[in-house]
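Chemist: Sequence and predicted model, in that order:
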Amino acid sequence: MPKECRRRTSKDLGLSGINDGSRLERRSAGKSAQICDELLQKAAQVAPPSAAAAPAVMEALRVPQVTITPEGGGCSREMRQEDWDDAVDSTLRRKLSNSSISSTGSSAVESEDDLLSDNESRSKGIITLEHLVDPGESKPWWKLKTIVQWPFKASQRRKLNWVQLAGHKGNFKAADEGTILKKFSENEMQCFEKLKGDALLPFVPGYHGVVEKDGESFLHMTDLLANFDLPNVMDCKMGVRTYLEEELVRARERPKPREDLYRKMVEVDSEGPTPQEHSQRGVTKPRYMQWRETMSSTNTLGFRIEGIKKFDGTCRTDFKKTRSKQDVINVFTDFVEGNVNIITSYLNRLTEIWKALKMSVFFKQHEVIGSSLLFIHDHTGNAQVWIIDFGKTTALAESQTLHHDIPWQEGNREDGYLWGLENLIHTLESVSNNGSSEQSCSSVTTETIDTQTAEAAGQ
Ligand SMILES: Nc1ncnc2c1ncn2[C@@H]1O[C@H](COP(=O)(O)OP(=O)(O)OP(=O)(O)O)[C@@H](O)[C@H]1O
Ligand SMILES: O=P(O)(O)O[C@@H]1[C@H](O)[C@H](O)[C@@H](OP(=O)(O)O)[C@H](OP(=O)(O)O)[C@H]1O
């Protein structure tokens, strides 16, 4: 095991038990913990999914391919030179904004298609998280906008060997023991705020407010890896769709081909781009996202594997063509290395999440796009699943709610999240049945889901 791949634990830092920062965090999190307990108790009252009925879940939800390429029927106009000039600008212009939606906070006004990135800008595994401070600095240099004042000690300022399986490099910073900072997004912040009293609270990272330094803002949250020793980590992006409906609309109105996405597409499949995209050496963002969804299991299973880091330091993010049920099962089988206890813990946790989603008001009222389930386990048998990344989770109009398990058609904003989760549960059940994708005993079925939904709604 290379030393740099090993995550520092409290033991490594010479801290027996919980350090000061964690104690403080615990005190401030006391109320949340109480709410969590209450919510967990409520969730437990939802009848557990039956193992008896036949699974209909694995049948694919139809995902219409909405054409947004310039030659497509839905396109409003020809591409102009100015679009191309914009798109080939190689500078990364991912902006942080206080106004609207993007997974890392880019505004809706500044189109997603304006944002350029490339393979090099995306994180693929083990990284070193830096603090925001100069080591010699003696004064407190940051300020929480929440009520909690943070007595930050110089001795706690350290580099953190961390795992970032997706997202952009530089999006995360180290913070006090057991916590991290993620680049601010107004949208994600609002989600964390709304989740405070919701049934999903026990399954999302603890949120500790907004932190500011030199005009840059961050969301301060619990580091989910903190309680693990040499963790195995897997990121699964949920849903049948990974772009917002509004991104489609914008791409139709103003299609912007991007060369970085074209290159990423060709790297996986040289036949992927259309002749026009080849000649332009560019594809629009929604077109790229749709292509990614059909190449992977997003469209067919409602989730896809983004990346895995194993305890031995090996990382894989080459899952763009992992699409079939059996391929996905094989990856999970390798991830858990046949450990029945780990599989059982994961299955229990996913079932709890499923129940909480059924009860969650937040879930009903949001289009959940680009959010992941983060699987973490280690050699001690500790295994957890967490819901992360609300950067593109968008509130619906007041009167609207979503089912999350019916087909998406443009305009209905359905995301297939719940359907994907049910397929994920099936996948793990298959893993526990020795890795066969043959019909396994289903624990979540359409029939039981309907009954439970009615029960949860008090009908
Ligand atoms: N609270 C957390 N604790 C531990 N690891 C985390 C946490 N949040 C995120 N990560 C790690 O960072 C990665 C990226 O997280 P996240 O998806 O939130 O970032 P992002 O920049 O919004 O990504 P994207 O641009 O793909 O939407 C995850 O795959 C996971 O490895
Ligand atoms: O996984 P890949 O193939 O690397 O593709 C990226 C992935 O789909 C991200 O979800 C997306 O970021 P968002 O979720 O933030 O839209 C990013 O767009 P970007 O290049 O505009 O950041 C894509 O490049």
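Modeler: That came in fine, so what should we check first? Numbering: from 1, shown residues only. Ligands and ions are numbered 1, 2, ... in the order given.

Chemist: May I have the phi/psi pair for the residue of the chain found nearest ligand 1?
Modeler: Closest to ligand 1 within the chain is residue 167: 2.5 Å, counting by CB to the nearest ligand atom. (C-beta placed from N, C-alpha, C; glycine too.) Main-chain dihedrals, residue 167, degrees, to the nearest 10: phi 80, psi -180.

Chemist: That one is in contact with residue 121, isn't it?
Modeler: No: using CB atoms under 8 Å as the test, residue 167 is too far from residue 121 to be in contact (9.8 Å).

Chemist: okay, the two: which has more neighbours?
Modeler: Counted by other CB atoms under 10 Å, residue 167 and residue 121 do not tie: residue 167 has more neighbours, with 22 against 15.

Chemist: Check the gap between the more buried one and residue 268 for me.
Modeler: Note on residue 167: its distance to residue 268, by CB to CB, to the nearest Å, is 19 Å.

Chemist: Residue 402 too?
Modeler: Residue 402 is 31 Å from residue 268, by CB to CB.

Chemist: If you count surrounding residues, which of these two has more?
Modeler: More crowded of residue 402 and residue 268, by other CB under 10 Å: residue 402, with 21 against 14.

Chemist: my guess is the more buried one meets residue 408, correct?
Modeler: No: Residue 402 lies out of contact with residue 408 (CB under 8 Å); the separation is 10.0 Å.

Chemist: Give the residues shared as contacts by those two.
Modeler: 414-415 (CB atoms under 8 Å, 6 or more residues apart in numbering).

Chemist: Pull the top helix by length along the chain out as PDB, backbone CA atoms only.
Modeler: Criterion DSSP state H: the longest helix present in the chain is helix 340-359. In PDB, the C-alpha atoms belonging to helix 340-359 read as follows (Å, rounded to 0.1, in the frame of the first residue of the first chain):
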ATOM      1  CA  VAL A 340     -21.800 -11.000   2.600                       C
ATOM      2  CA  ASN A 341     -21.900  -8.800   5.600                       C
ATOM      3  CA  ILE A 342     -21.000  -5.700   3.500                       C
ATOM      4  CA  ILE A 343     -23.600  -6.600   0.900                       C
ATOM      5  CA  THR A 344     -26.200  -7.000   3.600                       C
ATOM      6  CA  SER A 345     -25.300  -3.700   5.200                       C
ATOM      7  CA  TYR A 346     -25.500  -2.000   1.900                       C
ATOM      8  CA  LEU A 347     -28.900  -3.600   1.100                       C
ATOM      9  CA  ASN A 348     -30.300  -2.600   4.500                       C
ATOM     10  CA  ARG A 349     -29.100   1.000   4.000                       C
ATOM     11  CA  LEU A 350     -30.500   1.200   0.500                       C
ATOM     12  CA  THR A 351     -33.800  -0.100   1.700                       C
ATOM     13  CA  GLU A 352     -33.800   2.600   4.500                       C
ATOM     14  CA  ILE A 353     -33.000   5.200   1.900                       C
ATOM     15  CA  TRP A 354     -35.900   3.900  -0.300                       C
ATOM     16  CA  LYS A 355     -38.300   4.200   2.600                       C
ATOM     17  CA  ALA A 356     -37.000   7.700   3.500                       C
ATOM     18  CA  LEU A 357     -37.400   8.800  -0.200                       C
ATOM     19  CA  LYS A 358     -41.000   7.500  -0.100                       C
ATOM     20  CA  MET A 359     -41.700   9.800   2.900                       C
END
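
Chemist: Let me see the ranges of the helices in the stretch 101-250 of the chain.
Modeler: 186-195, 245-253 (DSSP state H, counting those that start in this stretch).

Chemist: List the buried residues in the last one.
Modeler: Taking 16 or more other CB atoms under 10 Å as the basis for neighbour counts, the residues of helix 245-253 that come out buried are 245-248, 250-252.

Chemist: Also stretch 403-423?
Modeler: Applying 16+ other CB under 10 Å to stretch 403-423 flags 404-405, 408, 413-423 as buried.

Chemist: which residues in the stretch 251-400 of the chain form strands?
Modeler: 303-309, 315-316, 366-369, 372-377, 383-388, 392-395 (DSSP state E, counting those that start in this stretch).

Chemist: Around ligand 2, pick out the residues from the stretch 301-450 of the chain.
Modeler: residue 370 (CB under 6 Å from any ligand atom).

Chemist: Spell out which parts of the stretch 301-450 of the chain neighbour ligand 1.
Modeler: Checking the stretch 301-450 of the chain against ligand 1 by CB under 6 Å from any ligand atom, the hits are 370, 372, 374, 388-389, 391.

Chemist: Could you work out the most separated pair of those?
Modeler: Largest separation among those by CB to CB: 374 and 391, giving 14.3 Å.

Chemist: on that earlier part again, could you export the residues of the stretch 301-450 of the chain next to ligand 1 to JSON lines, including columns for pLDDT and neighbour count?
Modeler: Shown next, in JSON lines, are these (pLDDT from 0 to 100; neighbours: other CB atoms under 10 Å):
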{"residue": "370", "pLDDT": "98", "neighbour count": "22"}
{"residue": "372", "pLDDT": "98", "neighbour count": "22"}
{"residue": "374", "pLDDT": "98", "neighbour count": "21"}
{"residue": "388", "pLDDT": "98", "neighbour count": "19"}
{"residue": "389", "pLDDT": "98", "neighbour count": "26"}
{"residue": "391", "pLDDT": "97", "neighbour count": "25"}
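
Chemist: Out of these, which comes closest to residue 213?
Modeler: residue 391 (20.3 Å).

Chemist: quick one, what contacts residue 237?
Modeler: Counted by CB under 8 Å, 6+ apart, residue 237 has contacts 166, 298, 303-304, 306, 370-372.

Chemist: Counting neighbours, what do you get for the residue nearest to residue 218 when sequence neighbours are not counted?
Modeler: Among residues not flanking residue 218 along the chain, residue 181 sits closest, at 3.7 Å (CB to CB, 6 or more residues apart in numbering). Per other CB under 10 Å, the neighbour tally for residue 181 reads 26.

Chemist: where does the stretch 101-250 of the chain have low pLDDT?
Modeler: Low-confidence segments of the stretch 101-250 of the chain (pLDDT under 70): 101-120, 124, 132-159.

Chemist: would you list every one of the strands in it?
Modeler: So, for the stretch 101-250 of the chain - with DSSP E, counting those that start in this stretch - the strands run 125-129, 143-144, 160-164, 172-174, 179-183, 207-213, 216-222, 232-238.

Chemist: what's the most buried one of those?
Modeler: Of these, the one with the most neighbours on average (mean count of other CB atoms under 10 Å) is strand 232-238, at a mean of 24.

Chemist: Does ligand 1 have contacts with that strand?
Modeler: Yes: using CB under 6 Å from any ligand atom, we find that strand 232-238 touches ligand 1 at 233, 235.

Chemist: Please save the CA atoms from that strand in PDB.
Modeler: Presented in PDB, the C-alpha positions along strand 232-238 are these (Å, rounded to 0.1, in the frame of the first residue of the first chain):
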ATOM      1  CA  ASN A 232     -13.400   1.400  -0.400                       C
ATOM      2  CA  VAL A 233     -15.500   4.000  -2.200                       C
ATOM      3  CA  MET A 234     -18.000   3.900  -5.100                       C
ATOM      4  CA  ASP A 235     -19.900   6.700  -6.700                       C
ATOM      5  CA  CYS A 236     -23.200   5.800  -8.500                       C
ATOM      6  CA  LYS A 237     -24.900   8.700 -10.300                       C
ATOM      7  CA  MET A 238     -28.600   8.200 -10.000                       C
END
